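In: have a look at this prediction, sequence included:
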Amino acid sequence: MDLLLPYKIGDHAESKSSVIGFRGAWFRCKVLNMRVNDLGYLEYYLKYIDYDEEEMEWVGVFQKNPASSNQNSGESTEIMIRPSFPQWYYGHEVPEQLPVSDVTAIVDETWKVGDLVDWFKQGCFWSGKITKLLNKDMIKIELPAPPIGEGRCYSAKRKDLRPTLEWSLAKGWTVPLAQAKGKSWHTARLLQHYRSEPDKSTSGDETSSDDEDGGDENGDVQQSVSRASNVPQEASGPMVPASPPATNSASSQNARKDVAPRSQPAGAGISVRQEPGVGTTAEQEQGSSLSEGEVDDGADEYLEKLDTIEARIKYFLERTHLASKDASGK
């Protein structure tokens with residue numbers, strides 16, 4: 001059962017309280033052990049980080065949801081332990097290099113009335129809603145009414161706030177929808193970090209990427225091409241066009257349409273195109289050009305067509321030479 005949860009023994013996490021006086025508050029903790037009790041329920045043995053003198057205790061992962069009236073519904077139970085809260089920043093404080101994590105939360109605007117926030121007080125985080133901006137340092141926050149929370153309004157320091165995030169096994173971290181005066185919005189936005197599988201041919205280090213850091217795409221493409229060609233990079237040679245330079249002929253224009261300029265690894269395939277001979281039309285040139293598929297059909301056919309082209313060029317050169325002699329009278 002522990003494999004269903006994204007934390008293990010030794011990890012930091014947060015535990016939600018259902019004890020009257022702390023209902024709905026999240027406590028930072030460390031997972032020391034786990035077990036399945038006599039009733040078949042999964043429990044974790046937790047040490048509370050902000051309460052050094054508090055005795056360690058076994059906490060059930062799932063408990064009855066006090067807000068649910070239907071015991072048979074999917075919301076009849078709620079998860080009481082979740083992963084450690086993600087790193088978050090104000091929009092103007094986002095660093096160029098984000099820390100290694102799965103998710104980062106960003107609060108783009110200053111706190112405003114209606115924002116859903118967590119307030120750090122008495123060694124735990126209380127989830128509530130901002131109801132009033134008192135001054136540049138203080139706000140008023142309202143906690144959910146019982147049995148979900150403790151209710152009432154409190155004055156809180158802005159520096160003790162963080163955006164409220166929700167977590168579930170199915171969706172992971174999400175941002176709840178804030179509402180006030182007929183409007184709705186998300187207090188924060190999440191940056192998801194996607195980890196790519198390590199390349200066995202280079203290094204075994206795990207890498208991550210997101211929208212904030214695209215990496216060196218050109219370098220990655222070059223390495224991929226080198227591995228795919230199965231030949232050393234030095235053998236591929238410089239990048240060359242797939243067709244000869246343009247000469248304002250119809251065949252050159254058709255060649256540019258048929259073959260996109262690209263670099264191919266050495267030995268990966270050859271595409272042969274020749275400039276039209278003297279007196280050769282565009283249609284004839286298209287018929288005489290050799291495609292990559294034709295080359296692959298066999299070397300004998302390729303050599304036969306090449307001999308035909310050379311013979312045709314020689315024929316036209318001889319005709320040109322004879323015509324030149326007749327014109328000069330020699």
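Out: Perfect, I can see it now.

In: contacts, neighbours, all on C-alpha from now
Out: Noted.

In: longest strand of the protein?
Out: strand 25-36 (DSSP state E).

In: outside of the next helix or strand after that strand itself, list whatever touches it.
Out: The helix or strand immediately downstream of strand 25-36 is strand 42-48, counting by DSSP states H and E. With Cα atoms under 8 Å, 6 or more residues apart in numbering as the test, strand 42-48 has contacts from 1, 27-37, 54-62.

In: just checking: what are the partner strands of strand 42-48?
Out: strand 25-36 (antiparallel), strand 57-60 (antiparallel) (DSSP bridges).

In: pairing partners for the helix or strand following the last one, with directions?
Out: In other words, strand 57-60. Per DSSP H and E, strand 57-60 leads on to strand 62-64 as the next helix or strand towards the C-terminus. Sheet pairing here is set by DSSP bridges, and for strand 62-64 it gives strand 77-79 (antiparallel).

In: quick one: strands adjacent to the next helix or strand after the strand it pairs with?
Out: The helix or strand immediately downstream of strand 77-79 is strand 81-83, counting by DSSP H and E. Strand pairing for strand 81-83, using DSSP bridges, gives strand 12-16 (antiparallel).

In: average model confidence for the partner strand?
Out: Mean per-residue pLDDT for strand 12-16: 97.

In: mind listing what's buried in the longest strand of the chain?
Out: For strand 25-36, the neighbour count (16 or more other Cα atoms under 10 Å) marks 25-32, 34 as buried.

In: once you drop chain neighbours, what's closest to Leu190?
Out: Of all residues not flanking Leu190 in the chain, Ala105 sits nearest, at 4.6 Å (Cα to Cα, 6 or more residues apart in numbering).

In: what sits up against the one helix or strand the one you found maps to?
Out: In this structure, Ala105 is located in strand 103-107 according to DSSP H and E. Residues outside strand 103-107 that contact it (Cα under 8 Å, 6+ apart) are 86-91, 94, 163, 173, 187-193.

In: and what of stretch 123-140?
Out: With Cα under 8 Å, 6+ apart, stretch 123-140 has contacts from 24-28, 50-51, 112-120, 141-144, 153-159, 164.
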